[in-house]
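Engineer: Turn this into a model:
(one chain, ligands or ions: 1)
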Amino acid sequence: MSTHIGAPSGAVAETVLLPGDPLRAKFIAENFLDGAECYNEVRGMLGFTGTYKGRRISVQGTGMGQPSLSIYVHELFSDYGVMNAIRIGTCGAVGESTRLRDIIIANAACSDSSLQNQRFGGLHFAPSADFLLLDTAWHASANLGIKAVVAPCASSDRFYDDNQNWKVWRKYGVAGIEMESAELYTLAAEFGRRALSVLTVSDNIATGEECSAEERQTSFRDMMRLALETAVRI
Ligand code: HPA
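Structural biologist: Sure, this is the predicted structure:
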(Lines give C-alpha, C1' and ligand atoms only; values in the text may rest on other atoms or scores of the structure.)
Protein backbone atom coordinates (compact mmCIF):
# COMPACT_ATOMS: atom_id res chain seq x y z
CA MET A 1 0.00 0.00 0.00
CA SER A 2 1.06 3.51 -0.76
CA THR A 3 -0.34 6.74 0.62
CA HIS A 4 -2.42 7.62 -2.45
CA ILE A 5 -2.51 4.30 -4.29
CA GLY A 6 -4.37 1.71 -2.24
CA ALA A 7 -3.02 -1.39 -3.93
CA PRO A 8 -0.73 -4.18 -2.72
CA SER A 9 2.74 -4.33 -4.25
CA GLY A 10 2.63 -6.37 -7.43
CA ALA A 11 -0.77 -4.96 -8.43
CA VAL A 12 0.80 -2.55 -10.93
CA ALA A 13 2.56 -3.64 -14.13
CA GLU A 14 6.13 -2.64 -15.08
CA THR A 15 4.72 -0.43 -17.82
CA VAL A 16 2.05 2.14 -17.01
CA LEU A 17 0.03 4.48 -19.21
CA LEU A 18 -0.75 7.77 -17.48
CA PRO A 19 -3.80 9.75 -18.58
CA GLY A 20 -4.63 12.83 -16.51
CA ASP A 21 -8.32 11.94 -16.40
CA PRO A 22 -9.12 8.84 -14.30
CA LEU A 23 -12.21 8.17 -16.44
CA ARG A 24 -9.92 7.93 -19.45
CA ALA A 25 -7.99 5.26 -17.53
CA LYS A 26 -11.29 3.40 -17.16
CA PHE A 27 -12.05 3.88 -20.86
CA ILE A 28 -8.69 2.38 -21.86
CA ALA A 29 -9.11 -0.52 -19.43
CA GLU A 30 -12.59 -1.28 -20.79
CA ASN A 31 -11.85 -0.79 -24.49
CA PHE A 32 -8.23 -1.86 -25.00
CA LEU A 33 -7.11 -4.16 -22.17
CA ASP A 34 -8.03 -7.79 -21.62
CA GLY A 35 -8.97 -8.96 -18.13
CA ALA A 36 -8.51 -5.50 -16.61
CA GLU A 37 -8.94 -5.17 -12.85
CA CYS A 38 -9.24 -1.94 -10.91
CA TYR A 39 -6.48 -1.68 -8.27
CA ASN A 40 -7.11 1.85 -7.03
CA GLU A 41 -10.13 3.97 -6.19
CA VAL A 42 -8.56 6.26 -3.57
CA ARG A 43 -9.81 9.83 -4.29
CA GLY A 44 -11.39 8.49 -7.47
CA MET A 45 -7.95 8.34 -9.11
CA LEU A 46 -8.65 5.06 -10.87
CA GLY A 47 -5.91 2.58 -11.77
CA PHE A 48 -6.29 -0.70 -13.69
CA THR A 49 -4.05 -3.59 -14.68
CA GLY A 50 -4.77 -5.90 -17.60
CA THR A 51 -3.05 -7.19 -20.72
CA TYR A 52 -2.65 -5.81 -24.23
CA LYS A 53 -1.52 -8.31 -26.86
CA GLY A 54 -0.46 -10.56 -24.00
CA ARG A 55 1.70 -7.93 -22.26
CA ARG A 56 0.79 -6.89 -18.70
CA ILE A 57 0.05 -3.17 -18.67
CA SER A 58 -1.44 -0.75 -16.14
CA VAL A 59 -3.21 2.51 -16.69
CA GLN A 60 -3.30 5.06 -13.88
CA GLY A 61 -4.99 8.49 -13.71
CA THR A 62 -2.69 11.26 -12.49
CA GLY A 63 -5.01 14.26 -12.13
CA MET A 64 -4.18 17.65 -13.59
CA GLY A 65 -0.95 19.56 -13.05
CA GLN A 66 2.56 18.65 -11.97
CA PRO A 67 1.95 18.43 -8.17
CA SER A 68 -0.84 15.88 -8.68
CA LEU A 69 1.08 13.79 -11.22
CA SER A 70 4.12 14.00 -8.96
CA ILE A 71 2.33 12.20 -6.12
CA TYR A 72 1.12 9.29 -8.26
CA VAL A 73 4.27 8.84 -10.31
CA HIS A 74 6.52 9.09 -7.25
CA GLU A 75 4.52 6.27 -5.59
CA LEU A 76 4.49 4.18 -8.80
CA PHE A 77 8.28 4.43 -9.00
CA SER A 78 9.12 4.14 -5.31
CA ASP A 79 6.51 1.61 -4.12
CA TYR A 80 5.43 -0.38 -7.19
CA GLY A 81 8.66 -0.77 -9.17
CA VAL A 82 7.26 0.82 -12.32
CA MET A 83 9.97 0.94 -15.00
CA ASN A 84 8.22 2.55 -18.00
CA ALA A 85 5.79 5.46 -17.65
CA ILE A 86 3.97 6.77 -20.71
CA ARG A 87 1.82 9.84 -20.29
CA ILE A 88 -1.09 10.22 -22.69
CA GLY A 89 -2.67 13.63 -22.60
CA THR A 90 -3.76 16.71 -24.44
CA CYS A 91 -1.97 19.93 -25.15
CA GLY A 92 -2.69 23.33 -26.61
CA ALA A 93 -0.72 24.00 -29.78
CA VAL A 94 1.47 27.07 -30.03
CA GLY A 95 3.76 26.09 -32.91
CA GLU A 96 3.06 27.71 -36.29
CA SER A 97 3.01 24.32 -38.02
CA THR A 98 1.15 22.34 -35.32
CA ARG A 99 -2.47 21.50 -36.21
CA LEU A 100 -5.48 20.36 -34.18
CA ARG A 101 -5.46 16.56 -33.68
CA ASP A 102 -1.72 16.29 -34.37
CA ILE A 103 0.09 13.95 -32.02
CA ILE A 104 3.18 15.39 -30.38
CA ILE A 105 5.77 12.97 -29.00
CA ALA A 106 7.50 15.26 -26.49
CA ASN A 107 11.28 14.88 -26.61
CA ALA A 108 11.68 17.51 -23.88
CA ALA A 109 9.51 19.44 -21.45
CA CYS A 110 10.16 23.04 -20.40
CA SER A 111 8.44 24.33 -17.28
CA ASP A 112 7.51 27.43 -15.32
CA SER A 113 6.89 25.37 -12.19
CA SER A 114 8.23 26.06 -8.72
CA LEU A 115 8.79 22.29 -8.45
CA GLN A 116 11.88 22.78 -10.59
CA ASN A 117 13.12 25.62 -8.37
CA GLN A 118 12.52 23.57 -5.23
CA ARG A 119 14.65 20.71 -6.53
CA PHE A 120 17.36 22.54 -8.39
CA GLY A 121 17.52 26.05 -6.92
CA GLY A 122 19.56 28.15 -9.30
CA LEU A 123 20.40 25.19 -11.56
CA HIS A 124 18.34 24.51 -14.67
CA PHE A 125 17.60 20.84 -15.30
CA ALA A 126 16.50 19.77 -18.82
CA PRO A 127 13.59 17.29 -18.42
CA SER A 128 13.90 14.92 -21.38
CA ALA A 129 12.12 11.87 -22.76
CA ASP A 130 13.69 8.43 -22.62
CA PHE A 131 15.28 7.75 -25.99
CA LEU A 132 14.22 4.09 -26.24
CA LEU A 133 10.57 4.97 -25.62
CA LEU A 134 10.78 7.95 -27.97
CA ASP A 135 12.38 5.97 -30.77
CA THR A 136 9.92 3.10 -30.30
CA ALA A 137 6.90 5.45 -30.35
CA TRP A 138 8.21 7.27 -33.40
CA HIS A 139 8.63 4.06 -35.39
CA ALA A 140 5.33 2.66 -34.11
CA SER A 141 3.53 5.80 -35.33
CA ALA A 142 4.92 5.33 -38.85
CA ASN A 143 4.01 1.64 -38.72
CA LEU A 144 0.45 2.32 -37.61
CA GLY A 145 -0.08 5.18 -40.07
CA ILE A 146 -0.62 7.61 -37.19
CA LYS A 147 0.84 11.03 -37.98
CA ALA A 148 3.07 12.23 -35.15
CA VAL A 149 5.69 14.93 -34.69
CA VAL A 150 8.59 14.90 -32.26
CA ALA A 151 8.91 18.28 -30.56
CA PRO A 152 9.34 19.86 -27.12
CA CYS A 153 6.33 20.70 -24.96
CA ALA A 154 6.10 23.06 -21.99
CA SER A 155 4.41 22.18 -18.71
CA SER A 156 2.61 25.17 -17.27
CA ASP A 157 1.33 25.51 -13.71
CA ARG A 158 -1.47 27.81 -14.91
CA PHE A 159 -4.10 26.76 -17.42
CA TYR A 160 -5.52 30.32 -17.41
CA ASP A 161 -2.13 31.90 -17.96
CA ASP A 162 -2.62 35.64 -18.39
CA ASN A 163 1.16 36.10 -18.44
CA GLN A 164 1.09 34.35 -21.83
CA ASN A 165 4.31 32.46 -21.15
CA TRP A 166 3.46 30.36 -24.21
CA LYS A 167 4.71 33.18 -26.43
CA VAL A 168 8.20 32.78 -24.96
CA TRP A 169 8.07 29.00 -25.31
CA ARG A 170 6.89 29.27 -28.93
CA LYS A 171 9.83 31.52 -29.79
CA TYR A 172 12.14 28.74 -28.59
CA GLY A 173 10.53 25.96 -30.63
CA VAL A 174 7.99 24.52 -28.18
CA ALA A 175 5.05 22.95 -30.06
CA GLY A 176 2.47 22.43 -27.29
CA ILE A 177 1.54 23.54 -23.78
CA GLU A 178 0.27 21.08 -21.18
CA MET A 179 0.66 20.74 -17.43
CA GLU A 180 2.46 17.52 -16.42
CA SER A 181 5.36 16.24 -18.55
CA ALA A 182 8.27 18.17 -17.01
CA GLU A 183 7.62 16.59 -13.61
CA LEU A 184 7.18 13.14 -15.18
CA TYR A 185 10.54 13.41 -16.94
CA THR A 186 12.23 14.79 -13.84
CA LEU A 187 10.93 11.97 -11.61
CA ALA A 188 12.05 9.40 -14.20
CA ALA A 189 15.53 10.93 -14.08
CA GLU A 190 15.50 10.91 -10.26
CA PHE A 191 14.46 7.24 -10.06
CA GLY A 192 16.37 6.02 -13.13
CA ARG A 193 13.22 4.94 -15.02
CA ARG A 194 11.95 5.47 -18.56
CA ALA A 195 9.30 8.09 -19.37
CA LEU A 196 7.61 9.53 -22.42
CA SER A 197 4.69 11.88 -23.10
CA VAL A 198 2.44 11.41 -26.09
CA LEU A 199 0.10 14.37 -26.51
CA THR A 200 -2.81 15.12 -28.84
CA VAL A 201 -3.46 18.71 -29.74
CA SER A 202 -6.93 19.50 -28.40
CA ASP A 203 -6.84 23.25 -28.98
CA ASN A 204 -4.73 26.01 -30.43
CA ILE A 205 -3.70 28.61 -27.88
CA ALA A 206 -2.69 31.18 -30.50
CA THR A 207 -5.93 31.03 -32.53
CA GLY A 208 -8.46 29.77 -29.95
CA GLU A 209 -9.58 26.88 -32.23
CA GLU A 210 -10.73 23.71 -30.45
CA CYS A 211 -11.36 20.11 -31.48
CA SER A 212 -14.97 19.00 -31.67
CA ALA A 213 -16.04 16.27 -29.24
CA GLU A 214 -15.94 13.73 -32.09
CA GLU A 215 -12.47 14.78 -33.24
CA ARG A 216 -11.26 14.42 -29.66
CA GLN A 217 -12.56 10.86 -29.48
CA THR A 218 -10.84 9.80 -32.72
CA SER A 219 -7.52 11.42 -31.97
CA PHE A 220 -7.57 10.11 -28.39
CA ARG A 221 -8.05 6.59 -29.71
CA ASP A 222 -5.05 7.02 -32.03
CA MET A 223 -2.96 8.28 -29.11
CA MET A 224 -4.02 5.36 -26.89
CA ARG A 225 -3.18 2.86 -29.63
CA LEU A 226 0.18 4.50 -30.20
CA ALA A 227 1.02 4.39 -26.47
CA LEU A 228 -0.09 0.75 -26.15
CA GLU A 229 1.84 -0.32 -29.24
CA THR A 230 4.90 1.46 -27.83
CA ALA A 231 4.42 -0.37 -24.54
CA VAL A 232 4.35 -3.81 -26.16
CA ARG A 233 7.39 -3.09 -28.39
CA ILE A 234 9.85 -2.21 -25.63
N1 HPA B 1 -3.00 24.84 -21.73
C2 HPA B 1 -2.53 24.00 -20.80
N3 HPA B 1 -2.81 22.73 -20.83
C4 HPA B 1 -3.57 22.26 -21.83
C5 HPA B 1 -4.06 23.07 -22.82
C6 HPA B 1 -3.77 24.43 -22.77
O7 HPA B 1 -4.19 25.21 -23.62
N8 HPA B 1 -4.80 22.31 -23.67
C9 HPA B 1 -4.74 21.05 -23.22
N10 HPA B 1 -3.99 21.01 -22.10
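Engineer: Cys110 against Ser155, yeah?
Structural biologist: Yes - in this structure Cys110 lies within contact range of Ser155 using C-beta atoms under 8 Å: 7.2 Å. Quick note: C-beta positions are derived from backbone N, CA and C, even for glycine.
Engineer: Leaving out sequence neighbours, find the closest residue to Gln66.
Structural biologist: Of all residues not flanking Gln66 in the chain, Glu183 sits nearest, at 3.8 Å (C-beta to C-beta, 6 or more residues apart in numbering).
Engineer: What is the neighbour count of the residue in the chain that the ligand sits nearest to?
Structural biologist: Sorted by distance to the ligand under C-beta to the nearest ligand atom, the residues of the chain start with Gly92, at 2.5 Å. As a burial measure, Gly92 scores 25 neighbours (other C-beta atoms under 10 Å).
Engineer: Just say helix, strand or coil for it.
Structural biologist: Using DSSP: H, G, I helix; E, B strand; the rest coil as the criterion, the local structure at Gly92 reads strand.
Engineer: Look up how far Ser181 lies from it.
Structural biologist: As for Gly92, its distance to Ser181 is 13 Å (criterion: C-beta to C-beta, to the nearest Å).
Engineer: So which residue of this structure lies furthest out from the middle?
Structural biologist: Residue farthest from the centre of the chain, counting by C-alpha atoms, centre = their mean, is Gly122 at 26.7 Å.
Engineer: So it lies in a helix, does it not?
Structural biologist: No - read with three-state DSSP, Gly122 is coil and lies in no helix.
Engineer: Now do the contacts for it.
Structural biologist: Taking C-beta atoms under 8 Å, 6 or more residues apart in numbering, we find Gly122 in contact with no residue.
Engineer: same thing with Phe27?
Structural biologist: With C-beta under 8 Å, 6+ apart as the criterion, no residue contacts Phe27.
Engineer: hang on, the earlier thing: how many other residues sit next to the nearest residue to the residue of the chain closest to the ligand once chain neighbours are set aside?
Structural biologist: Distances taken as C-beta to C-beta, 6+ apart place Ile205 nearest to Gly92, at 4.1 Å, with adjacent residues excluded. Residues near Ile205, counting by other C-beta under 10 Å, number 20.
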